[in-house]
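Participant: got a predicted structure plus its sequence, pasted below:
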Amino acid sequence: MIDPKSDVLVIVDMQHDFLPRGALAVADGDAIIPGIRALAERFDHLVLTQDWHPPGHLSFASSHAGRAAFSVIDLDYGPQVLWPDHCVQGTQGAEIHPAMRLDAAELIIRKGYRVGIDSYSAFLEADRRTPTGLAGYLRERGLSRVYLCGLALDFCVGWSALDARAFGFDAIVVEDLSRAIDADGSLQKALADMDRAGVTRVTSGAIS
Ligand code: VGL
Ligand code: ZN
């Protein structure tokens, strides 16, 4: 049962670059738009996340001579998948799809805006030390249960859900309203990590 006081829906990275024809398109990403819209209508509190990279971002394959997209390099903070250029600040590809209740969103949290650190998680950047401020925001507002959906299930949705748990929130991933990139077993790993961390997985039809 959705509790209008304590529950927040976090819609992750529903941006044109992650949708079909986008720079880092997630298969079938557009299929979840109507369902997310319908679910968003049922929450009093709505937060959107926006992947928001400067040109030349460290996570772009184009920033590393001779490296192909979807290969992995070792950085100071750990392994980093290299992506096609995506969600560059101010570009159309970085815009959030207009069906995501932009008008009703209480917070749009941008992430990945430091040129040298990626951030899949909406809570903590990839160096695992730099907070985005979202945990404090939710805490201060008494929002203790976080529903998550969007793109991509095995990266930004999954990492955000794991960090929600790590910061002491209840975390519920709406699986049918998320889609995965599934690079090199990443989906299976994300699901296992979430189960281990106590992230609940539901389908939208089961949310009363
Ligand atoms: C994402 C890869 C790179 C995501 C963002 O939103 O899942 N994935 N940047
Ligand atoms: Zn990104």
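Facilitator: Looks like it came in fine. Ligands and ions are numbered 1, 2, ... in the order given.
Participant: the strands in this structure, which residues?
Facilitator: Assigned by DSSP state E, the strands in the chain fall at 7-12, 46-51, 72-75, 78-81, 107-111, 145-151, 170-179, 200-202.
Participant: list the contacts of Leu102.
Facilitator: Going by C-beta atoms under 8 Å, 6 or more residues apart in numbering, Leu102 touches Leu48, Ile96, Ile108. (Glycine included, C-beta is placed from N, CA and C.)
Participant: what residues sit buried inside stretch 127-137?
Facilitator: Thr132, Leu134, Ala135 (16 or more other C-beta atoms under 10 Å).
Participant: name the nearest residue to the last one, ignoring sequence neighbours.
Facilitator: The spatial neighbour of Ala135 that comes closest, neighbours along the chain excluded (C-beta to C-beta, 6 or more residues apart in numbering), is Phe167 at 4.2 Å.
Participant: next, count neighbours for that neighbour.
Facilitator: Neighbour count of Phe167, defined by other C-beta atoms under 10 Å: 17.
Participant: and the closest residue to Lys111 other than its chain neighbours, what pLDDT?
Facilitator: Nearest residue to Lys111, sequence neighbours excluded (C-beta to C-beta, 6+ apart): Ser119, at 4.0 Å. The model reports Ser119 with a pLDDT of 98.
Participant: for Ser119, the count of nearby residues, please.
Facilitator: As a measure of burial, Ser119 has 26 neighbours, counting by other C-beta under 10 Å.
Participant: surely it and Arg128 touch.
Facilitator: No. Contact criterion C-beta atoms under 8 Å: Ser119 and Arg128 do not qualify, at 10.3 Å.
Participant: one step back: compare the contacts of Leu102 and tell me which is most surrounded.
Facilitator: Busiest of these [other C-beta under 10 Å] is Leu48, holding 26 neighbours.
Participant: against ligand 2, how distant is that residue?
Facilitator: 15 Å (C-beta to the ion, to the nearest Å).
Participant: my guess is the residue nearest to Ala135 contacts Gly133, does it?
Facilitator: No. Counting by C-beta under 8 Å, Phe167 stays clear of Gly133, with 11.4 Å between them.
Participant: so who does the most centrally placed residue in the chain touch?
Facilitator: In the chain, the residue lying closest to the centroid (C-alpha atoms, centre = their mean) is Cys156, at 3.2 Å. Applying C-beta under 8 Å, 6+ apart, we find Cys156 in contact with Val12, Asp13, Thr49, Asp51, Tyr120, Ser121, Ala122, Gly150.
Participant: just name the closest of those to ligand 1, please.
Facilitator: Ranked by distance to ligand 1 (C-beta to the nearest ligand atom), the contacts of Cys156 are led by Asp13 at 3.7 Å.
Participant: pull the number of nearby residues for the closest one.
Facilitator: Residues near Asp13, counting by other C-beta under 10 Å, number 30.
Participant: what does Ala68 give?
Facilitator: Other residues close to Ala68 by other C-beta under 10 Å number 9.
Participant: can you check Ser160 too?
Facilitator: Ser160 is flanked by 29 other residues according to other C-beta under 10 Å.
Participant: right, I'll leave it there.
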